[in-house]
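> Here is a sequence together with a model predicted from it:
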Amino acid sequence: MLPMLRPRGRTMMLDAPAPALVQVRDLKMYFPIHTGVLRRHTGDVKAVDGVSFDIMAGETLGLVGESGCGKSTVGRALIRLYEPTAGSVRIAGDDILSLAPEALRRKRPEMQMVFQDPQASLNPRMTLAQIIGEPLIEHSGLNPTDRLARIYELMDQTGLNRRFANRYPHEFSGGQRQRIGIARALALNPKFIVCDEPIAALDVSIQAQVVNLLEDLQDRLGLTYLFISHDLSMVRHIADRVAVMYLGRIAELSPRDALYARPLHPYAEALLSAVPEPDPDREGSRQRIILQGDVPSPANPPTGCAFCTRCPKVMEICTTTRPILAEVEPGRQVACHLYPSEARSNQPNSRHAAPSGSTGGGSSQHQQHGV
């Protein structure tokens, strides 16, 4: 029998006053294009192009979109595994993008990442205990005895048998390797974890186990997640709110139940129409929205709305004016000209996310720092 996803035992009170643990304003991540014999800078791949959102403490924000939309780049840029081109990222009150190398190193324990490929993210020449213990050696002053006790504690938390401590990554299954990656991310008691498609490389029978583990750890340790995934049904299970990305921009950001019940943005509507229904009768009557054409190149995005070349509801203004992510219903933000302009102008920053075009004081070019 396949493991089942457990119902969430907690409810996020999204309207209760709470500080935003993660604040992202106008984040941009451009990769330069160099051409010719002299390798001149002739353009940029705009992988992330002005993304803004907040994540509350203890919340899970799901980030979805098709391949190449910039989801993973957002996650890596948030914790400066990539050096962002511009924007502002504040985690627990600190502006991550302005931190000097040593200050960034001291900040690392508070923000960690679980990678998509558990095999590629683990050093094949290190044992399980060495992998989990490496961040403890780097960032903590624990002696060997206390460090081993902490390693065993992390193994217990993530469901790894203590007898496996001296085994190497190739001796584990994919699900066990991902548990090792989760244990390593938890080693320094982080506040915020980026989960970059943590179940994409796993068998279906193992995915539910890993998601249940992440939920248990969140409830027990008060963790905050950015959960990046292609699996819309899994995001529906784990996320409190969902941001839909297209071509480096956020198209819609809404509470989970509201988004899945009635998506506002045409792209979100098309994306969710692709989710299969387990009920054969409902599946037979489901109306798929088939998008025409190809995704534009992020090196040469459309002038107006990023989705205007494929949108079935496109208008003339869509091809010339870029829509701003703004609140059109309580708690729901969408970047689309289909909604009245008066509802989209002079919007105050919502408590959960800032408009995509707002600078938040951080849209200037940041000096590049080494990690």
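Ah, there it is.

> helices and strands around the longest helix belonging to the chain, which ones?
In terms of residue count, the longest helix belonging to the chain (DSSP state H) is helix 204-221. Judged by 3 or more C-beta pairs under 8 Å, 6 or more residues apart in numbering; DSSP states H and E, helix 204-221 is in contact with helix 174-186, strand 224-228, helix 232-238. All C-beta spots, glycine's among them, are computed from the backbone N, C-alpha and C.

> Which among the ones you listed is found nearest to Phe307?
The minimum distance between Phe307 and the helices and strands packed on helix 204-221 falls on helix 232-238, with 17.7 Å, by C-beta to C-beta.

> Quick check: buried residues in that closest one?
Buried residues in helix 232-238, counted by 16 or more other C-beta atoms under 10 Å: 232, 234-238.

> re the thing from before, highest average neighbour count across the helices and strands packed on helix 204-221?
Of the helices and strands packed on helix 204-221, the one with the most neighbours on average (mean count of other C-beta atoms under 10 Å) is strand 224-228, at a mean of 25.

> and it, what's its mean pLDDT?
Summarised as a single mean, pLDDT over strand 224-228 is 98.

> tell me which strands and helices it is in contact with?
strand 20-35, strand 40-56, strand 60-64, helix 71-78, strand 192-196, helix 204-221, helix 232-238.

> can you state the direction angle for that strand and helix 71-78?
Here strand 224-228 runs at an angle of 150 degrees relative to helix 71-78 (axes from the mean of the first three to the mean of the last three C-alpha atoms, to 10 degrees).

> Adjacent strands (with direction) for strand 224-228?
strand 60-64 (parallel), strand 192-196 (parallel) (DSSP bridges).

> Which among those strands is found nearest to Arg40?
Taking the strands paired with strand 224-228 one by one with C-beta to C-beta, strand 192-196 is closest: 32.9 Å.

> Now do the SS call for the spatially closest residue to Leu338 that is not a sequence neighbour.
Leaving aside its chain neighbours, Leu338 sits nearest to Lys313 (6.2 Å; criterion: C-beta to C-beta, 6 or more residues apart in numbering). Assigned state for Lys313: coil (three-state reduction, DSSP: H, G, I helix; E, B strand; the rest coil).

> Give me the pLDDT value at Lys313.
At Lys313, pLDDT is 93.

> Ala251 belongs to a strand?
Yes: Ala251: assigned to a strand according to three-state DSSP.
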